[in-house]
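K.L.:
Just need the structure, nothing else, for what follows:
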Amino acid sequence: MSAAIRKTMSTNNFKSRLRPQKLLKYFFDPNYVTVIMVLLLFAEIVVCFGVINNIKYTEIDWVAYMQEVEGVVNGTYDYTQLKGDTGPLVYPAGFVYIFTCLYYITGKGEDIRLAQYLFALLYIATLLVVFDIYRRVKKVPPFVFIFMCCASYRIHSIYVLRMFNDPVAMLFLYVAVDFFLTDRWAIGCILYSIGVSVKMNILLFAPGLLYLLLVTQGIIGTVKHLTICAIPQVLLAIPFLQENPFGYIKMSFDLGRQFFFKWTVNWRFLPEEVFLNRYFHIGLLIAHISVLVLFTFCKWKRYLPSINGSLSTKTATRLKPDQILLPFFTSNFIGMCFSRSLHYQFYVWYFHTLHYLLWSTSIHQVGKVLILGLVELCWNTYPSTGLSSLVLHACHLTVLTGLWLSPQHMATRKTTAAQKMD
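P.N.:
Just a heads-up that it's a prediction; the model follows:
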């Protein structure tokens, strides 16, 4: 056998050994996520269609939403007079406008199947935006997106079987994040505010956003952007503020609203009287604020550039995607950990951020996947049990500890982490 033939065979064998490695990068290399994202989007279209057509729709809040906006359609702008089968209207004005559109599109809310398809589109749109965020940050390996998509029964239920308003608010939130990542903070703040106007859980991201604004925009720039956040709230609420301003503010931003014990996912192991006790609520609030303060001064202050104290709006600090996502998503996650109650639809408040948060920790990869599975199991346990709620808290505590010990948080801030923009 000639030397040339032996060389050719050796080369071919070497190439054949490389092919599996080339394929593996599409599963394990965060720089090659696009292929699996495209495949999963097509798979999700099929899954959503199958869920809508093969799983029975169960009414929870959709009819109540339609009844609440029907009051506005009929000319009632006093928020204290707007209600549905589940009780009074407790969402801000953005909710009213969006679900009024759905009211008309679905024939006063009676075309349930059409509404389900619209929420399927909402779900696919949310995945597109979330995928774009993860594509920019290049941290999470491609195989993890399988757990984010087809593997979650509860998330599909929240979108296409229950049609809650929570996914609508979260879409605006994720689009806002996408704009933050491209340094378009003003547009992002507008979209963030619209998300708050649909459901105020978006405020859980506010501490992280405030700190990021102070870092990137300076003091005057932060005031400017907070004003931008306030403008949509006022404009959307004008008809209701003119009719009964105190009623609108009280009903749509009621932070002291009491939750029913039977729906709680995270505190089932407690006696009901403790769950309803105001001192328990105050304790959770204190713990929430304390942990936020600790992360702000012990972690974010170390990880991010110094707060921009400039009074000029011409000088801005540009952050890397990780520097934006980590404080922003962590802020929301801390709020989830110390929430007075988590209901099943609240899962969507942090579901799409969990994968990023876990892969920002030094927890072993098997442990990360295990936590994702346990969290999913807890949210799929209906009704919740003492054990399921305890396991959920254990998972939350593990992730929170992992974030505290995150390699990014432990690293000393480098002056090269931020770039000054002209």
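
K.L.:
quick one: residue 277 from residue 263, how far?
P.N.:
Residue 277 sits 17 Å away from residue 263, going by Cβ to Cβ, to the nearest Å. The C-beta positions use only the backbone N, C-alpha and C, and glycine is treated the same way.

K.L.:
If you could redo that for residue 135, that was the one I meant.
P.N.:
On the measure of Cβ to Cβ, residue 135 and residue 263 end up 36 Å apart.

K.L.:
try residue 171
P.N.:
Distance from residue 171 to residue 263, by Cβ to Cβ: 24 Å.

K.L.:
And these two? Which one has more around it.
P.N.:
More neighbours surround residue 171 than the other of residue 171 and residue 263, with 22 against 15 (other Cβ atoms under 10 Å).

K.L.:
Checking my notes, that one in a strand, right?
P.N.:
No: checked against DSSP: H, G, I helix; E, B strand; the rest coil, residue 171 lies outside a strand; its state is helix.

K.L.:
thinking it is in contact with residue 128, fair?
P.N.:
No: with contacts counted by Cβ atoms under 8 Å, residue 171 stays clear of residue 128, the gap being 9.9 Å.

K.L.:
what's the neighbour count on the closest residue to residue 331 other than its chain neighbours?
P.N.:
Excluding the flanking residues, the one nearest residue 331 by Cβ to Cβ, 6 or more residues apart in numbering is residue 208, at 3.1 Å. Close neighbours of residue 208, defined as other Cβ under 10 Å, add up to 25.

K.L.:
residue boundaries of the strands in this structure?
P.N.:
Applying DSSP state E to the chain gives strands spanning 83-84, 87-88, 316-318, 419-421.

K.L.:
Name every strand pairing with the second one and say which way it goes.
P.N.:
Just to be clear, that refers to strand 87-88. strand 83-84 (antiparallel) (DSSP bridges).

K.L.:
How far does the strand it pairs with sit from its chain's centre?
P.N.:
Relative to the chain's own centre, strand 83-84 is displaced by 27 Å; criterion: Cα atoms, centre = their mean, to the nearest Å.

K.L.:
cool, stretch 384-404 as well?
P.N.:
18 Å.

K.L.:
How about stretch 161-170?
P.N.:
On Cα atoms, centre = their mean, the centre of stretch 161-170 falls 12 Å from that of its chain.

K.L.:
Enumerate the positions of it that are buried.
P.N.:
Within stretch 161-170, the residues that count as buried by 16 or more other Cβ atoms under 10 Å are 161, 162, 163, 164, 165, 166, 167, 168, 169, 170.

K.L.:
Mind putting the residues you listed into TSV with distance to residue 196 and pLDDT?
P.N.:
Shown next, in TSV, are the buried residues of stretch 161-170 (distance: Cβ to Cβ, whole Å; pLDDT from 0 to 100):
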residue	distance to residue 196	pLDDT
161	26	95
162	22	94
163	20	96
164	16	97
165	12	97
166	13	98
167	15	98
168	12	98
169	8	98
170	12	98
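
K.L.:
Tell me which of these fall in helices.
P.N.:
166, 167, 168, 169, 170 (DSSP state H).

K.L.:
Compute the distance between residue 343 and residue 397, please.
P.N.:
From residue 343 over to residue 397 the distance is 21 Å, taken as Cβ to Cβ.

K.L.:
Compare these two (neighbour count), which wins?
P.N.:
Neighbours per residue, other Cβ under 10 Å: of residue 343 and residue 397, the larger number sits with residue 343, 16 against 11.

K.L.:
my guess is that one contacts residue 266, does it?
P.N.:
No: taking Cβ under 8 Å as the definition, residue 343 is not a contact partner of residue 266, at 9.4 Å.
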